[in-house]
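Asker: A structural model of the following input is requested.
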Amino acid sequence: MSTIKTCFDRLLPHDVNKPQRMMAFGDRQRAVFLFRKMWITGSTLQVRFLEGTASQQAIAKEQAGWWMEHANLTFEFNNAPDADIRIAFNANDGAWSYLGTDATNIPQDQPTMNLGFLDGGTAAHEFGHAIGLAHEHQNPAGGIEWNEEVVIRDLSGPPNYWDEAKTRHNVLNKYSVDQIRGTVFDPDSIMLYFFPDSWVKNGKGTKANEVLSDLDKAFIASEDAYPGDKTTTNAVDLSVVDLTGVAADIGVPGEEDLFKFTVTEEGRHTIETGGQTDVVMKLFGPDSETALIAEDDDGGSGRNSKIVADLMPGDYFVQIRHYNTSSGTGQYSIIVTH
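Answerer: A predicted model of the protein is given here:
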């Protein structure tokens, strides 16, 4: 048991006491992709190494490239001070990464990913987290029935020393299907770790996957994740203080609309939607499609979204999607005022 190395979820403080919801939502089975933590499709994510040998850094770059071959995202290893992803190689801190846009909440001098070991496809696994993928064994369609007492006992010892709460969060609990999108359970996914036979009731554990599976590749390039060519998504221009707003609609389930507006005068701005459609909004900027400023679900009237923020001059991007990504469609309007 002392040789088993397991990645653990790195959570923001406000998520620490939010366990995965266990309820069901319809009958559509989906993979473990946390759509609320997605980057804008077509984004270039800057990466900075905080430490590490040339060999360690080369492995991280190579395995990040596995995702770039299929996802409409680009990793730029430029060591920028304001990099979106910042990597440490602390051997005493295991392997972990914040999920997707959660990284934007971390101080710029702190890591958003740690590669404490680089066995097999560990770096690819952690970069999967960095673009919004969670653990495959927590897929609600996985069907894994755990020997809970054995799992809790084994992970309480070396090298993990987890208490029961951490074990339940990182191994035993599953996400609900309304939190995620994608495919049915994939036993070959790079996001699935090795688990011994003794941990599973049917006596058949999981194997260590060291490369992206065919399903990993197909899914990350699909409409549910990051589809399209490696170009920035075209954004619809919004005028500030246009009292008429812009009419738009979610035409197909899972669609994500992108808008752009320019702030010329520093001050408080309000971005809000109107209509009867239940939408969710994210605001990025200034002059960045990856720097998340705020997000909102029902802060406006009814089921509309509303963000009020003090903004400095620059270009800003607003991403809108339906709350129900599996079947939700509908018309809405969006307006920016100052």
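Asker: got the residue ranges for the strands in the chain?
Answerer: Using DSSP state E, the strands of the chain run over 44-49, 74-77, 85-88, 95-97, 113-115, 236-237, 246-250, 256-263, 267-274, 279-284, 292-296, 306-311, 314-322, 330-337.
Asker: can I get those in a markdown table with distance to residue 193, mean neighbour count and mean pLDDT?
Answerer: (Each C-beta comes from the backbone N, C-alpha and C, glycine too.) Shown next, in a markdown table, are the strands of the chain (distance: least, Cβ to Cβ, whole Å; neighbours: other Cβ atoms under 10 Å; pLDDT from 0 to 100):
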| stretch | distance to residue 193 | mean neighbour count | mean pLDDT |
| --- | --- | --- | --- |
| strand 44-49 | 23 | 20 | 96 |
| strand 74-77 | 23 | 17 | 96 |
| strand 85-88 | 20 | 24 | 98 |
| strand 95-97 | 10 | 24 | 90 |
| strand 113-115 | 15 | 25 | 95 |
| strand 236-237 | 41 | 11 | 80 |
| strand 246-250 | 36 | 17 | 91 |
| strand 256-263 | 30 | 19 | 91 |
| strand 267-274 | 40 | 18 | 93 |
| strand 279-284 | 30 | 24 | 92 |
| strand 292-296 | 28 | 18 | 88 |
| strand 306-311 | 37 | 15 | 93 |
| strand 314-322 | 30 | 21 | 92 |
| strand 330-337 | 39 | 18 | 94 |
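Asker: now those strands in TSV, with distance to residue 187?
Answerer: As requested, the strands of the chain are exported to TSV (distance: least, Cβ to Cβ, whole Å):
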stretch	distance to residue 187
strand 44-49	29
strand 74-77	27
strand 85-88	28
strand 95-97	21
strand 113-115	24
strand 236-237	41
strand 246-250	33
strand 256-263	29
strand 267-274	40
strand 279-284	32
strand 292-296	33
strand 306-311	41
strand 314-322	30
strand 330-337	37
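Asker: for these, which one sits closest to residue 167?
Answerer: strand 95-97 (15.0 Å; Cβ to Cβ).
Asker: Can you name the residues that contact the residue lying closest to residue 285 once chain neighbours are set aside?
Answerer: Nearest residue to residue 285, sequence neighbours excluded (Cβ to Cβ, 6 or more residues apart in numbering): residue 316, at 3.6 Å. Residues near residue 316 by Cβ atoms under 8 Å, 6 or more residues apart in numbering: 260, 261, 262, 263, 283, 284, 285, 286, 293.
Asker: thinking again about what came up before, quick one: which of the strands of the chain is nearest residue 168?
Answerer: strand 95-97 (17.0 Å).
Asker: who does the closest one touch, helix- and strand-wise?
Answerer: strand 113-115, helix 122-130 (3 or more Cβ pairs under 8 Å, 6 or more residues apart in numbering; DSSP states H and E).
Asker: Paired strands for it, with orientation please.
Answerer: strand 113-115 (antiparallel) (DSSP bridges).
Asker: So what touches the strand it pairs with?
Answerer: Defining contact as Cβ under 8 Å, 6+ apart, one finds that strand 113-115 is touched by 52, 56, 60, 85-90, 93-98, 122-123, 126-127, 129-130.
Asker: Could you rerun that using 10 Å?
Answerer: 7, 10, 47, 49-50, 52, 56-57, 59-60, 63, 85-98, 103, 106, 122-123, 125-127, 129-130 (Cβ atoms under 10 Å, 6 or more residues apart in numbering).
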